[in-house]
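**Q** Below: sequence and its predicted model.
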Amino acid sequence: MEKSIIKNLLSRTNIISSIKRSRLFLLCLIMLSCFVKAQVNLVLNPSFEQLDSCPNFYQRVDLARFWKNACSDLTCASPLLSTCSLMPNESGVPTHDNGGGNTYQWPRTGDNYIEVCTYVTSTATAVANFRTYNIGALSSKLINGKEYCGKLYINLANISPYKSNEIGMYFDNGSTLGSQISCNSVISVIPQVSNSSSNIISDTLGWVKVEGAFIANGTEDHVTIGNFKNDASTIGLFTGVSTTFVIAIYNIDDVSLIPIEIAAYAGKDATICVGDSLSLGRQPETGIECQWYKPGNPIPFSNTSNFTFKADSEGTYTFIQRMDNCKITFDTVTVSVESDCNTTLDIPNVFTPNEDGLNDAWRFAIKHATDVKYSIYNRWGNLIKMSDLTSQTAVSWDGRTTAGDACTAGVYYYVLTYTDAKGEAQKRNGYMTLIR
């Protein structure tokens, strides 16, 4: 169905392309939250980039701001792994030795990620149900009845002897932190967001997305990450890696929670010149992920949430921006590109404001200009009209004073100032004749 949507959009934009051939028409269809205003991800420090200090020992997830271990026993405290570690064998990135041998993985984004343990083989009865849980703070309490989209990325450690199917995100008021569970205790709750039970997460190279939507009850201001089922209810499979470990080890990065009602926002319509550039989409943020497509091509050419478009020539071009998340919404932005952006003026020297519908105003176009202002003076040098609220595409005077009185027939002097397309201040002045 998703491919069908993209195909239909490409077909629609090709039709638009055939209509507007005299200028460059850029149409961006954005799905979900390419939103250019305030931060929308409610998870604080979602990629574990804000550190109180570099982790130089293994179990130090508490050094990532707004994150804590659920267990007070350091034996089952989660590792925080970082490129800044001064003891790479303990907590380094991309390599570190976590007791079972050297493991290797770069963060999905940034410089840091954390580890969790989700399963223990049934033969290891002494450490049955060994779990690590990480609790993070949200920027605000969730709203009762509102729907949210939760997401994280997970990767199987390459030296993990086991792989499993259970990982989830549980949202509450942070009470699980107060329980201070033991290393062999399972937090028995139902996570609002969880991996499909039929999906064994086995990717040691890439990062696998776990995502889901839920409706809040209005008490949630924390998220807990881990496996909330015991070993008997978890599928665990041997990976073929022989180590001293008997558990399933996973890396976690890029945690997000976004209100699902956030509307797509492509940007404001604009006109630019050949050779100019324009940024489309929104600033990068964890949880906001887009793909950009060229018309007729189902393969995206960019996976960033924003895209810098450069107008190289006149023509008609179409781009589609796709947002991958729990919900799909659309927005459009039109960017027209012109080959000649020089400010040209054809200022009339006579007009007849006699309300006959012909030449009733002193009017002329002024394209590619900003900060347009004009002043009108009578033959004695008295200022009778001034305007700095003029449209940036046209100047118009109806032959009346600022007070609204009709001016007499005669010769008037004007002063026009503006900023041209190159950003340079310009000034024009001259005379025009008013005939009644």
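**A** Perfect, I can see it now. This is a predicted model, so every value here is computed, not measured.
**Q** Off-centre distance for the longest strand anywhere in the chain?
**A** Longest strand in the chain, counting residues (DSSP state E): strand 247-259. Here the centre of strand 247-259 is set off from its chain's centre by 19 Å, with Cα atoms, centre = their mean, to the nearest Å.
**Q** Repeat that for stretch 402-409.
**A** 53 Å.
**Q** buried set for that stretch?
**A** The neighbour-count check on stretch 402-409 (16 or more other Cβ atoms under 10 Å) flags C407 as buried. All C-beta atoms are positioned from the backbone trio N, CA, C, and that covers glycine.
**Q** Report the backbone C-alpha coordinates of that stretch in PDB.
**A** Coordinates of each C-alpha in stretch 402-409 appear next as PDB, following Å, rounded to 0.1, in the frame of the first residue of the first chain:
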ATOM      1  CA  THR A 402      -2.100  60.400   3.200                       C
ATOM      2  CA  ALA A 403      -5.300  62.000   4.700                       C
ATOM      3  CA  GLY A 404      -7.400  60.800   1.700                       C
ATOM      4  CA  ASP A 405      -7.900  64.100   0.000                       C
ATOM      5  CA  ALA A 406      -7.800  64.200  -3.800                       C
ATOM      6  CA  CYS A 407      -4.700  66.000  -5.200                       C
ATOM      7  CA  THR A 408      -5.100  68.600  -7.800                       C
ATOM      8  CA  ALA A 409      -3.800  68.200 -11.300                       C
END
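**Q** Could you pull up the residues touching the residue lying closest to A77 once chain neighbours are set aside?
**A** Ranked by Cβ to Cβ, 6 or more residues apart in numbering and with sequence neighbours excluded, the top spatial neighbour of A77 is Q59, at 3.6 Å. Going by Cβ atoms under 8 Å, 6 or more residues apart in numbering, Q59 touches 69, 74-75, 77-79.
**Q** TSV for those, including secondary structure?
**A** As requested, those are arranged in TSV below (DSSP: H, G, I helix; E, B strand; the rest coil):
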residue	secondary structure
N69	strand
L74	helix
T75	helix
A77	coil
S78	coil
P79	coil
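**Q** Most neighbours of all these, which one?
**A** The most crowded member of these, judged by other Cβ atoms under 10 Å, is S78 (26 neighbours).
**Q** that older thread, quick one: the contacts of Q59 as JSON lines, columns for pLDDT too.
**A** As requested, the contacts of Q59 are arranged in JSON lines below (pLDDT from 0 to 100):
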{"residue": "N69", "pLDDT": "87"}
{"residue": "L74", "pLDDT": "74"}
{"residue": "T75", "pLDDT": "75"}
{"residue": "A77", "pLDDT": "81"}
{"residue": "S78", "pLDDT": "85"}
{"residue": "P79", "pLDDT": "89"}
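**Q** Turn the residues you listed into CSV, including distance to I200.
**A** Converted to CSV, these look like this (distance: Cβ to Cβ, whole Å):
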residue, distance to I200
N69, 26
L74, 30
T75, 27
A77, 26
S78, 22
P79, 23
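**Q** hang on, the residue nearest to A77 in a strand?
**A** No. Read with three-state DSSP, Q59 is coil and lies in no strand.
**Q** Check the gap between the residue lying closest to Q50 once chain neighbours are set aside and F48 for me.
**A** Distance criterion Cβ to Cβ, 6+ apart; nearest residue to Q50, sequence neighbours excluded, is R65 at 4.4 Å. Relative to F48, R65 is positioned 9 Å away (Cβ to Cβ, to the nearest Å).
**Q** ok, these two, which is more surrounded?
**A** Counted by other Cβ under 10 Å, R65 and F48 do not tie: F48 has more neighbours, with 29 against 14.
**Q** How about the contacts made by the more buried one?
**A** F48 makes contact with 61, 64, 67, 80, 110, 112-114, 253, according to Cβ under 8 Å, 6+ apart.
**Q** A409: which of these is nearest?
**A** Distance to A409 across these (Cβ to Cβ) is lowest for G110, with 71.8 Å.
**Q** so how far is V241 from the closest one?
**A** Counting by Cβ to Cβ, the gap from G110 to V241 is 27 Å.
**Q** What is the neighbour count of D73?
**A** There are 13 residues near D73, going by other Cβ under 10 Å.
**Q** from memory it sits against S185, does it?
**A** No. Counting by Cβ atoms under 8 Å, D73 stays clear of S185, with 10.2 Å between them.
**Q** follow-up on the earlier one: next one: the residue nearest to Q50 from H222, what distance?
**A** Relative to H222, and taking Cβ to Cβ, R65 is found at 14 Å.
**Q** Okay, and A365 sits in which element?
**A** Element membership of A365, judged by DSSP states H and E, is strand 362-365.
**Q** Give me the residues contacting the next helix or strand after that strand.
**A** Under the assignment DSSP H and E, the closest C-terminal helix or strand after strand 362-365 is strand 370-377. Applying Cβ under 8 Å, 6+ apart, the contact partners of strand 370-377 are 366, 383-388, 390-392, 395, 397, 412-419.
**Q** Of the contacts of F48, which is the nearest to R379?
**A** Looking across those and measuring by Cβ to Cβ, the closest to R379 is G110, at 69.4 Å.
**Q** The closest one contacts S47, correct?
**A** Yes. Contact criterion Cβ under 8 Å: G110 and S47 qualify, at 4.7 Å.
**Q** got the phi/psi numbers for A232?
**A** The phi/psi pair for A232 (degrees, to the nearest 10) reads phi -70, psi -30.
**Q** ok, now how distant is it from A403?
**A** Counting by Cβ to Cβ, the gap from A232 to A403 is 88 Å.
**Q** What of A421?
**A** On the measure of Cβ to Cβ, A421 and A403 end up 35 Å apart.
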